[in-house]
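> Pasting a predicted model and its sequence here:
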Amino acid sequence: MAHHAVTPHEGKLLVLTPGLGAVATTFVAGVEMVRQGAGQPFGSLSQMQTIRLGARSENRTPLIRDFCDIAPLGDLEFGAWDVHAADAYDAALHAGVIDKHELAPMESFLRTVKPMEAAFDQQYVRRLDGPNVKPEGTKKEWAEALRADIRRRLDETGAARAVMVWCGSTEVYLRPAPCHETVEAFEKGLEDDDPAISPSQLYAYAAIMEGVPYANGAPNLSADVPALEQLAEEKGVPLAGKDFKTGQTLMKTILAPGMKARMLGVNGWFSTNILGNRDGEILDDADSFRAKEVTKTGVLDSILQPDVYPDLYEDLYHKVRINYYPPRGDEKEGWDNIDIFGWLGYKMQIKVDFLCRDSILAAPIVLDLALFLDLAARAGRSGVQEWLSFYFKSPHVEVGHVPEHDLFIQHVRLKNTLRVMMGEEPLTHLSENDEIYENADAS
Ligand SMILES: NC(=O)c1ccc[n+]([C@@H]2O[C@H](COP(=O)([O-])OP(=O)(O)OC[C@H]3O[C@@H](n4cnc5c(N)ncnc54)[C@H](O)[C@@H]3O)[C@@H](O)[C@H]2O)c1
């Protein structure tokens with residue numbers, strides 16, 4: 001199978017996060033804990049999962065990290081921007097996700113990750129304010145300043161390559177505007193300070209211009225506009241997004257494919273959450289919630305295909321609620337009530353009460369995205385990386401493509417892409433003892 005040779009990883013890899021809040025600090029502190037032998041990277045495919053190569057009888061199932069030429073954790077360096085000046089240690093304490101006594105041995109390392117000044121405008125995240133922001137300037141000047149930050153942090157850390165994962169707050173809901181249509185229009189928009197260009201798009205633009213792969217962990221519009229997709233293609237930069245698939249949506253994309261596989265009907269899915277972290281506070285603002293609501297509600301329609309199975313799913317009533325409830329901190333609780341029906345239409349109910357820790361689920365996603373995007377860049381891939389849909393609530397796909405939400409299909413696609421990238425055959429999962437296996441192989 002034709003594949004692009006992967007340029008071997010050499011030198012250190014800088015992982016940049018706009019945002020140094022709960023997710024980013026849980027990621028940075030977690031990587032350091034794993035490096036120091038103080039914890040294990042559960043939840044990370046790149047670190048823990050194996051990958052079968054060839055027929056089962058060949059008995060080749062290396063760890064993904066041994067099979068793919070991904071950067072080892074020892075090679076990672078970190079950089080961040082935030083509107084708050086707290087370094088990664090204080091920010092991690094504030095986030096309260098990892099216990100204080102576990103953070104203490106990491107203190108001297110975490111103190112070295114100090115946030116750079118944020119390109120921030122309160123118009124896009126209303127419930128947030130802080131002193132560590134770039135001086136007033138045009139969007140063009142901010143984009144240039146971000147590019148300079150990337151180069152400086154590469155210099156400071158001696159890293160050879162960088163990737164960027166947006167771990168900043170959810171910005172207000174924005175619709176694509178004319179300035180998002182072409183690279184020229186976008187660059188003119190930067191000069192004219194077009195309000196349709198959000199800060200997260202400045203980071204995405206700066207990353208692409210510096211040849212740095214970019215992933216968006218939040219639901220807001222960011223690199224998912226034609227101008228930035230086109231720029232990424234031109235510069236040979238991989239992109240991925242958007243909105244980390246954690247918590248309730250992760251459960252939804254595990255359960256819904258099961259209902260559909262068994263042809264069980266669903267006519268109601270009510271999801272409600274309480275969470276008390278800063279993310280929850282920001283989502284308490286209606287416009288930021290709107291961005292989240294859009295990414296969360298598209299999932300079921302896409303998995304259940306009511307147009308193909310109207311009798312089973314056409315009447316599905318889907319409601320998602322997020323409630324800010326400070327006492328809970330990062331320890332979110334998500335309830336799902338699912339009204340289903342089976343044989344002859346007889347009704348049943350499923351109740352899910354997920355006491356989850358959002359950032360604990362999100363941190364390994366940041367790690368995998370950083371390592372896989374870096375691999376993709378070295379494999380000569382550019383533009384939207386649909387095979388990374390596995391990690392997102394609202395997968396960023398190329399224009400005209402239909403996003404895939406089913407976690408299991410996404411998983412097969414991710415692993416097959418890794419196989420092909422490394423010059424192995426993709427797997428069909430047909431048994432090698434089955435006659436049709438040979439036919440499948442021949443086709
Ligand atoms: N925690 C999860 O499981 C999860 C899941 C899906 C998506 N997300 C998204 O990931 C993002 C981060 O989540 P979190 O829990 O870490 O939130 P958080 O509020 O703890 O951290 C976000 C940080 O981003 C900073 N920030 C905002 N705008 C910025 C800008 N323009 N430049 C630099 N910094 C900026 C804020 O000051 C804050 O410290 C949110 O958008 C959230 O919706 C999180």
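Cool, the structure landed. Not measured: the values here are computed from a predicted model.

> okay, CA-based contacts and neighbour counts for the rest of this
Will do.

> What distance do you get for residue 167 to residue 114?
15 Å (CA to CA, to the nearest Å).

> no wait, residue 135
Applying CA to CA, one obtains 18 Å for the distance of residue 135 from residue 114.

> Who has more neighbours out of those two?
Neighbours were tallied for residue 135 and for residue 114 using other CA atoms under 10 Å; the higher tally belongs to residue 114 (21 against 12).

> Quick check, the more buried one in contact with residue 84.
No. Taking contact to mean CA atoms under 8 Å, the distance of 10.0 Å between residue 114 and residue 84 leaves them out of contact.

> Give the helix, strand or coil label for residue 13.
strand (DSSP: H, G, I helix; E, B strand; the rest coil).

> how deep is it tucked in, by neighbour count?
For residue 13, the number of neighbouring residues by other CA under 10 Å comes to 26.

> Give me every residue in the stretch 201-350 of the chain lying close to the ligand.
217, 218, 243, 244, 245, 246, 278, 279 (CA under 6 Å from any ligand atom).

> List the residues that contact residue 130.
With contacts taken as CA atoms under 8 Å, 6 or more residues apart in numbering, residue 130 has the following neighbours: 83, 84, 85.

> again with residue 368
By CA under 8 Å, 6+ apart, the contact list for residue 368 reads 44, 45, 46.

> tell me which of those is nearest to the ligand?
Distances from the contacts of residue 368 to the ligand were compared by CA to the nearest ligand atom; the smallest belongs to residue 44, at 14.1 Å.

> So the closest one sits against residue 366, correct?
No. Using CA under 8 Å, residue 44 and residue 366 do not qualify as a contacting pair, with a distance of 9.1 Å.

> So the two - more neighbours on which side?
Residue environment comparison for residue 44 versus residue 366 gives the larger neighbour count to residue 366, 28 against 18, counting by other CA under 10 Å.

> Now for that one: which residues touch it?
Residue 366 makes contact with 24, 27, 165 under the criterion CA under 8 Å, 6+ apart.

> Equivalent analysis for residue 384, please.
Taking CA under 8 Å, 6+ apart as the criterion, residue 384 is in contact with 229, 238, 239, 240, 396, 397, 398.

> In helices only, show me these.
Among the contacts of residue 384, DSSP state H puts residue 229 in helices.

> So which of the contacts of residue 384 belong to strands?
Restricting these to those inside strands, with DSSP state E as the criterion, leaves 238, 239, 240.

> can you put those in a markdown table and add neighbour count?
As requested, the ones in strands among the contacts of residue 384 are arranged in a markdown table below (neighbours: other CA atoms under 10 Å):
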| residue | neighbour count |
| --- | --- |
| 238 | 28 |
| 239 | 33 |
| 240 | 27 |
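
> For the ligand, what's the nearest residue on the stretch 301-443 of the chain?
Of the stretch 301-443 of the chain, the residue with the smallest distance to the ligand, taken as CA to the nearest ligand atom, is residue 358 at 3.7 Å.

> give me phi/psi at that residue?
Taking degrees, to the nearest 10, you get phi -50, psi -50 for the backbone angles of residue 358.

> per-residue pLDDT, it?
At residue 358, the model reports a pLDDT of 89.

> what sits against it?
If you count contacts by CA under 8 Å, 6+ apart, residue 358 has them with 246, 247, 330, 331, 332.

> How about residue 285?
Residues counted as contacts of residue 285 (CA under 8 Å, 6+ apart) are 126, 127.

> per-residue confidence at it?
Here, the pLDDT recorded for residue 285 equals 80.

> can you map out the strands along the protein?
In order along the chain, the chain carries the following strands (DSSP E): 12-18, 76-82, 116-117, 159-166, 214-216, 238-241, 265-275, 317-324, 331-341, 347-357, 383-384.

> How far away from the center of its chain is the fifth one?
Going back to what we said before, that points to strand 214-216. Remark: strand 214-216 is offset 7 Å from the chain centroid, using CA atoms, centre = their mean, to the nearest Å.

> Just the buried ones from the contacts of residue 130?
Buried residues within those, defined by neighbour count using 16 or more other CA atoms under 10 Å: 83, 84, 85.

> mind listing what's buried in stretch 312-327?
Of the residues in stretch 312-327, 312, 313, 314, 316, 318, 320, 322, 323, 324, 325 count as buried by neighbour count, 16+ other CA under 10 Å.

> what does stretch 17-28 give?
Within stretch 17-28, the residues that count as buried by 16+ other CA under 10 Å are 17, 18, 19, 20, 21, 22, 23, 24, 25, 26, 27, 28.

> same question for it, mean pLDDT?
In this model, stretch 17-28 has an average pLDDT of 98.

> Ends of it, what's the gap?
Across its full length, stretch 17-28 reaches 10 Å end to end, with CA to CA as the criterion.

> Kindly report the same for stretch 108-121.
Start-to-end span of stretch 108-121 (CA to CA) is 31 Å.
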